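Colleague: predicted model and sequence follow; I will ask about them next.
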Amino acid sequence: MINMLLAAVLSASAPADTTVTLHNVTVTGQQRQSYQMRSSQTEVQVSREFLQQNFAGSLMQTLEAIPGVKAMAIGSGQSKPTIRGLGFNRLAVSEDGIKHEGQQWGDDHGLEIDQFSIDRAEVIKGPAALLYGSDAIGGVLSLYTNHMPTKPFGGSVQLFGRTNNEQIGMSARVEGRKGRWFYRANATLIDYADYKVPTDSIQYYSYWIKLKDRRLRNTAGCERDGSVMLGYADYNFHTDVRVSDSYAKSGFFANAHGLEVRLSGIDYDHSRRDIDLPYQWVNHLKVLSHTTWRNDVTSAELNLAYQNNQREECSEPVSHGYMPTPDGSLERRFDKSTYTGGLQLRHTVGNHELRGGLSSEFQHNRRGGWGFIIPDFETLSAGGFVTDRYTVNENLILNAGLRYDFAETHINSYQDWFQTPVGSEMVYKERSADIRRHFNSITWSAGVNYSTGLWVMKANVGKSFRVPIPKELGADGINYHIFRYERGNQQLDPEESYQIDASISWGNDEWEVQVEPYLNYFPNYIYLNPTAQYVEGLQLYNYTQAEVLRYGLEAQVKWCLDEHWQAHAQGEYLYARQQSGEKKGYTLPFSTPWSVDTGVRYAFPRNSFVGISAHIVGAQHEIVPPEKPTDGHWTLNLAAGREFQLHGTTLNVTLHADNLLNRRYYDHTSYYRLIDVPEPGRNISLMVGLEF
């Protein structure tokens, strides 16, 4: 009976490709080589303990501790994930096996996921379209929030805050298990003020703008998250249903939303915690079901989900060009519903582990408001894959796979609600034509894992693809928040990528060394090309395609001096060059410069620690005109934590301090650097958590 209960617990919390067989009650820690041999791709497992000890505000800022992973900061409370310089719709984010579908094209809001409900995360670097389809061309961030509780009743409460934007927040969880049934509920509340930068003024279109108390006015915000899960598990069957809702409201930096704000009657400096126009709110509702059945040689997994993402941008009504002053403050509204289904089967025959799967997704998006940037659309996609993992022996594993995908996108026509003079006539200008595009692609992957002694070597080669999103096909409007006019291209082809990844690692009880080089070739990379034209006062960017070559590497070294002291150094480098098109010979816009992190850490008894590190970023002179180069910089950072045992409960205190010296610097991947806004100054994060 004990064996059966342990197997049920482990099978519920393990990923789908893990086999759990218990003949005796023996628990053995996974060796480094065993973990490295799981996949021929570069994978990084992130525990809940890691997320707590490295808490830095948003989920992506916390995950920046992983080489190759970066957060594109947006304001004071949001950030977008990137892996090896690829993000947005080139990076798939999945939650409990379901691909997260929000308004990924939006540059000015983060992931609509409660970071405090996450039990663990997995980062896959490099293309993963074989299993996830389109959007996984650059990698995958897999989040797991459905671990099954083992106690009849338990939970946690976390209080946290940050000094730079005066953030305060609380997250609570209750969970329990009775027999084969289990439940979990999470709730998170966050509120933050305008954030501070180490400068008294910024320059926007040759205008100098004074900042009160060095704060970016109207960048305050709030977040409200909640989720409930109910599940059932026995020896070889597991099913759960989870409902979550995530709401976030944040202001746009008022001085970056057009020069008209100078004429506004709003007193933006009245309070640093209120949210005035212009602002946005985003709400993401997700209902998902996860079901697995398995025995010693076969398993089946079924995932079903419904997601609804609503987003509104509100601003003071101002006339632009020939548009009269509109009624109301609703500038843009997007309402996107997504229906997802996926089935995977796994079967072991001798030394072969065979997997196959089918998946389908339907998206329906409708717009509103007096502004326009992307049209209404519907997208239907479906795909299937097969893979074979062949274990030659315990030191050599081969794998290969094939996938086929089909997608259809229908973009609805749209005409302005006001008239524009064309020649001698006044017409309702068409901003988007009615078009239907069909896409299909075959992708493949092959890899090898080999270990000998203390060495582990991996290599993977494959082809990935990405369907052009409706914004790339049909955009035609102003994106104030990144200071440009964007125009789509109806003739774009599916983006393809050929990539070779490798990993070489060596480790013993004292040292760990790992190097991960990669080479990435795009015959037709899609990106926004800056032009010399201006539309409605902002620079015009056109979506175009170019042949692109990218390569780089990540490397890390860890040295355990003794049972208390540990030192580390890790770095990353990326090179990108356009091989065709108007900007042949140039890199890609907002290319990531090289960076190095190094530091030392001292561990005390009872899971307590203190560490100091330096983050060094090189200058970026590889630019695409009219971009400007960015100087290099370095920051000093501190982390500390302590665990206390209190009458059957555990109290954790974690302190994280960024930019201790309050240095002024610019992030080359931040859109705010275009208007001379430096990165936030000194920022101290504190989290106090109680687990019971």
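Modeller: Happy to help now that I have it.
Colleague: what strands line up against the host helix or strand of Val282, and which way round?
Modeller: According to DSSP states H and E, Val282 maps onto strand 279-294. According to DSSP bridges, strand 279-294 has the following sheet partners: strand 237-251 (antiparallel), strand 298-314 (antiparallel).
Colleague: what would these look like in JSON lines with distance to Lys429, mean pLDDT and mean neighbour count?
Modeller: Just so you know, the C-beta spots here come from the backbone N, C-alpha and C atoms, and that holds for glycine as well. Shown next, in JSON lines, are these (distance: least, Cβ to Cβ, whole Å; pLDDT from 0 to 100; neighbours: other Cβ atoms under 10 Å):
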{"stretch": "strand 237-251", "distance to Lys429": "31", "mean pLDDT": "95", "mean neighbour count": "19"}
{"stretch": "strand 298-314", "distance to Lys429": "21", "mean pLDDT": "96", "mean neighbour count": "19"}
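Colleague: in TSV, list those strands along with distance to Asn89.
Modeller: Below are those laid out as TSV (distance: least, Cβ to Cβ, whole Å):
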stretch	distance to Asn89
strand 237-251	20
strand 298-314	14
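Colleague: got the contact list for Gly85?
Modeller: For Gly85, the contacting residues are Lys70, Gly138, Arg550, Gly552, Leu574, Ala576, Leu588, Ser591, Thr592, by Cβ atoms under 8 Å, 6 or more residues apart in numbering.
Colleague: swap that for Arg311, sorry
Modeller: Neighbouring residues of Arg311 by Cβ under 8 Å, 6+ apart: Gln103, Gly106, His109, Gln280, Trp281, Val282, Asn283, Arg332, Arg333, Phe334.
Colleague: how about these, which pair is most distant?
Modeller: Farthest-apart pair in the contacts of Arg311 is Asn283 and Arg332; separation 14.8 Å (Cβ to Cβ).
Colleague: and Ser39, which of the strands paired with strand 279-294 is closest to it?
Modeller: Ranking those by distance to Ser39, with Cβ to Cβ as the measure, places strand 298-314 first at 17.2 Å.
Colleague: pLDDT of the following helix or strand past that closest one, averaged?
Modeller: Per DSSP H and E, the first helix or strand lying C-terminal to strand 298-314 is strand 330-349. The predicted model assigns strand 330-349 a mean pLDDT of 96.
Colleague: neighbours of Ser47, how many?
Modeller: Ser47 has 11 neighbours, counted by other Cβ atoms under 10 Å.
Colleague: separation between it and Glu312?
Modeller: With distances taken as Cβ to Cβ, to the nearest Å, Ser47 is found 36 Å from Glu312.
Colleague: mind naming the longest strand for the chain?
Modeller: In the chain, taking DSSP state E as the definition, the longest strand is strand 511-535.
Colleague: centre of the chain to that strand, how far?
Modeller: Offset of strand 511-535 from its chain centre (Cα atoms, centre = their mean, to the nearest Å): 17 Å.
Colleague: dump the C-alpha coordinates for whichever helix or strand comes after it into CSV.
Modeller: Using DSSP H and E, the helix or strand that follows strand 511-535 towards the C-terminus is strand 538-560. C-alpha atoms of strand 538-560 as CSV (Å, rounded to 0.1, in the frame of the first residue of the first chain):
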residue,chain,number,x,y,z
LEU,A,538,6.6,58.6,-35.3
GLN,A,539,9.2,56.6,-37.2
LEU,A,540,7.8,54.0,-39.5
TYR,A,541,8.8,50.3,-38.9
ASN,A,542,7.9,47.7,-41.6
TYR,A,543,7.7,44.0,-41.0
THR,A,544,10.2,42.3,-43.4
GLN,A,545,12.2,39.1,-43.8
ALA,A,546,15.9,38.5,-44.1
GLU,A,547,18.4,35.7,-44.1
VAL,A,548,20.0,35.7,-40.6
LEU,A,549,22.9,33.8,-39.0
ARG,A,550,23.1,33.7,-35.2
TYR,A,551,25.6,31.9,-33.0
GLY,A,552,26.8,32.1,-29.4
LEU,A,553,27.4,30.2,-26.2
GLU,A,554,26.8,30.1,-22.5
ALA,A,555,29.4,28.9,-20.0
GLN,A,556,29.5,28.4,-16.3
VAL,A,557,31.9,27.3,-13.6
LYS,A,558,31.1,26.4,-10.0
TRP,A,559,33.7,25.8,-7.3
CYS,A,560,32.8,24.4,-3.9
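Colleague: so what strands line up beside strand 538-560?
Modeller: Checking strand 538-560 against DSSP bridges gives partners strand 484-487 (parallel), strand 511-535 (antiparallel), strand 565-578 (antiparallel).
Colleague: and the last one, which residues are buried?
Modeller: Judged by neighbour count using 16 or more other Cβ atoms under 10 Å, the buried positions of strand 565-578 are Gln566, His568, Gln570, Gly571, Glu572, Tyr573, Leu574, Ala576, Arg577, Gln578.
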